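> This is a predicted model, with the sequence first.
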Amino acid sequence: MAITAIKGFNDILPSEIEKWQHIEKTARDVFGCYGFSEIRVPIMEKTELFCRSIGDATDIVEKEMYTFTDKGDNRVTLRPEGTAGVMRAFIEHKLYAADPVSKLFYMGPMFRYERPQKGRYRQFHQIGAEVTGVSDPKVDAQTLTMLSHFFSELGLDEPSLEINSLGCPECRPAYREILKDFLRQKLDTLCEDCQRRLDTNPLRALDCKVEKCKVATADAPAMLEHLCTACDTHFTETRSYLDLVSTGYRINSRMVRGLDYYTRTTFEMITGLLGSQSAVAAGGRYDGLISDLGGPSVPGIGFAMGVERIALLLDNAKFQTSPALFIVALGEEAQKRAFCLSTELQRAGVSVEFDYEGKSMKSQMRRADKLSCGYTLIIGESELASGVAPLKEMKTGNQFVIALDSKTIAQELKS
RNA sequence: GUGGCCAUGGUGAAGCGGUUAACACUUACGACUGUGACUCGUACAUUCGAGGGUUCGAUCCCCUCUGGCCACCCCA
């Protein structure tokens, strides 16, 4: 039996790579317009970084991390998300000192030891963005607007934006207690999972898919109604700025995020097209994270998008490119000429294909068609003698003779 | 970690106890002696994920293993 890839680790094949590149390019272009710079950080970090940032009690840290002891006896972990590493670098290189506002984006693989299913893999890719240094709600609104902009730039109108506020260390603990009291009264009408989660993660019950939990929590107290004045103002202003630039959103007061560091604004881009994996992007504000990691007291907000999930929403075929020219050569001399000519054209920036094996004209033409080449150039003995050859436009079938000269051909193909 | 479904060629698949293992796509060559697409022809699985069992006989039934998909938990 041949060796296969590790479970949940996927190859991204040539047939889909152009779609991936398109997603990445769109992110670079759109984020660039909003003043973001790319940062590349390692895919492995000290385990402690993730414990501190994501939260020791979260599922990610408790059961999903790829953690090893290396040969120097250090505990290291393949990153399960991007924010922690980026913030570590931000603090380590004191980026806050050079500029009070920093806008960074990153892309790359993340690793979580979960059971794979549709839109969920053990190695998956995220594109994320982080703004640090500003707590003003204009940044929240701008970040969300950029996210929406990215999706519309990709031609995806379907994922819709949902927002919520999780409050801050001032108001969230109190709300948590209020919610717990509420849930305790309904305890026997909740599903087993929610009963178990009551103490560890009561917010989760608001998001439970089990019907009886939905019923039981229908009139549960909402975080949004228990925000402190500062958080309430922040949320209201965020909304007003979103309205000001017509960024569409829906308030979802039951939205829960899985990472401990989130404060105030949280959000998700949701689609109904991916089975149970409905979130294609998600994020929030994390005003306490940087200081928790030993940095200065600087606020932050960011999001991450799941590239595989976005890719599932996009059709491969739309992003495939094909060679501009196929050179059909008949006879050994013509093949030699085709090789030289194609090299000259390639050096001039034209994408060219030709046959390597001296196949029949028919198979060469078939291959040109299969590769969707824009043009074919046919070279045989008479063309070598005359110095001109027929150039055929495949789409229309029109053809005319052209000089066997790379400059002339390159010019013609570019026109 | 738990549950459900599934495993036949390069691909999508039919077959469900005895078949030349259908059909379609892909690929290769040809019909068209130097012009693709459409059409037509020819070729392409000694073998049905692996191992064991039942049977005169197993792709088909049973068991074990492995792999995949989807769902739960959780999450991008």
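Arrived safely. Numbering: from 1, shown residues only, chains lettered A, B, ... in the order given.
> hang on, A:L330 packs against A:G380?
Yes. Taking contacts as Cβ atoms under 8 Å, A:L330 lies within contact range of A:G380: 4.2 Å. Yep, even glycine has a C-beta here, placed from its N, CA and C like the rest.
> Between those two, which is the more surrounded one?
A:L330 (21 against 16; other Cβ atoms under 10 Å).
> How about the contacts made by that one?
Contacts for A:L330 (Cβ atoms under 8 Å, 6 or more residues apart in numbering) come out as A:M361, A:I378, A:I379, A:G380, A:E381.
> at 6 Å what do you get?
A:M361, A:G380 (Cβ atoms under 6 Å, 6 or more residues apart in numbering).
> any idea how far RNA strand B is from it?
Distance of A:L330 to RNA strand B, computed by Cβ to the nearest atom of the strand, to the nearest Å: 6 Å.
> And that residue, what's its pLDDT?
Looking at A:L330, its pLDDT stands at 93.
> hang on, A:G72 in a strand?
No. Counting by DSSP: H, G, I helix; E, B strand; the rest coil, A:G72 is not part of a strand but coil.
> Just give me the neighbour total for it.
Counted with other Cβ under 10 Å, A:G72 comes out at 6.
> Backbone dihedrals for it, please?
phi -100, psi 10 (degrees, to the nearest 10).
> ok, A:P323 touching A:S351?
Yes. Assessed by Cβ atoms under 6 Å, A:P323 is found in contact with A:S351 at 4.4 Å.
> What is the burial count for A:R197?
17.
> Residue of the stretch 251-400 of chain A nearest RNA strand B, please.
Of all residues in the stretch 251-400 of chain A, the one sitting closest to RNA strand B is A:G258 (1.5 Å; Cβ to the nearest atom of the strand).
> can I assume that residue sits in a helix?
No. Counting by three-state DSSP, A:G258 is not found in a helix; it is coil.
> what's the burial count for it?
14.
> Next: A:K103.
Neighbours around A:K103, by other Cβ under 10 Å: 21.
> what about it, helix or strand, and which?
Element membership of A:K103, judged by DSSP states H and E, is strand A:102-111.
> what's the distance between the residue of the stretch 251-400 of chain A closest to RNA strand B and A:V61?
10 Å (Cβ to Cβ, to the nearest Å).
> what's the answer for A:E24, then?
In terms of Cβ to Cβ, A:E24 sits 28 Å off from A:V61.
> next one: A:R75
12 Å.
> Neighbour count for these two, which is higher?
The neighbour comparison of A:R75 against A:V61 (other Cβ under 10 Å) goes to A:V61, with 21 against 12.
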